[in-house]
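J.: any chance you could fold what I've pasted below:
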Amino acid sequence: MHELPDNYKQITRRFKEYGNALDELGRVAKEMGPLDEKTCHLAQLAASAAIRSEGGVHSHARRAMMHGASSEELYHTLLIITNTIGYPNIAAAISWVDDIVTGSEKSTTPMSK
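T.: This is a model prediction of the structure:
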């Protein structure tokens, strides 16, 4: 399993209660609905692309694949939101998914946009 970004780990260590609340929010939000882990990560992949978060796209593409998503599902998730977030954002997100699919993920600043 891939480690969490260093910046995330530093913040949650520094602000323990905040980190615990983030973890709990994520867990509760996922458990309260009918979506499986793969689908949750595909939705989070789309949201990460929308805010142009390279780290988020890398993280959720990786985790969606860990839960059974194919590369075709990752790319389709992005392509279907083109009219919503625009081609330039999709082009960037596709290049970031390529990093995961090809195994050439670069070291990036966590939560970069």
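J.: could you pull out the strands for this structure?
T.: Under the criterion DSSP state E, the chain contains no strands.
J.: low-scoring pLDDT stretches of it, where are they?
T.: For the chain, applying pLDDT under 70 flags the ranges 1-3, 106-113.
J.: now do the helices in this structure.
T.: Secondary structure of the chain by DSSP state H: the helices cover 6-14, 16-31, 37-50, 54-66, 71-79, 82-85, 87-102.
J.: okay, buried residues for the fourth one please.
T.: Okay, so that is helix 54-66. By 16 or more other Cβ atoms under 10 Å, the buried positions in helix 54-66 come out as 54-65. Placement of C-beta: from N, CA and C, glycine included.
J.: residues touching the residue nearest the centre of the chain, list them.
T.: Nearest to the mean C-alpha position of the chain, by Cα atoms, centre = their mean, lies residue 60 at 2.6 Å. Residues near residue 60 by Cβ atoms under 8 Å, 6 or more residues apart in numbering: 41-42, 44-45, 48.
J.: in a markdown table, list those residues along with neighbour count.
T.: What follows is the contacts of residue 60, written out as a markdown table (neighbours: other Cβ atoms under 10 Å):
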| residue | neighbour count |
| --- | --- |
| 41 | 26 |
| 42 | 23 |
| 44 | 21 |
| 45 | 28 |
| 48 | 23 |
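J.: tell me which of those residues is nearest to residue 28?
T.: Distances from the contacts of residue 60 to residue 28 were compared by Cβ to Cβ; the smallest belongs to residue 44, at 15.1 Å.
J.: look up how far residue 53 lies from the closest one.
T.: Noted for residue 44: a distance of 10 Å to residue 53, by Cβ to Cβ, to the nearest Å.
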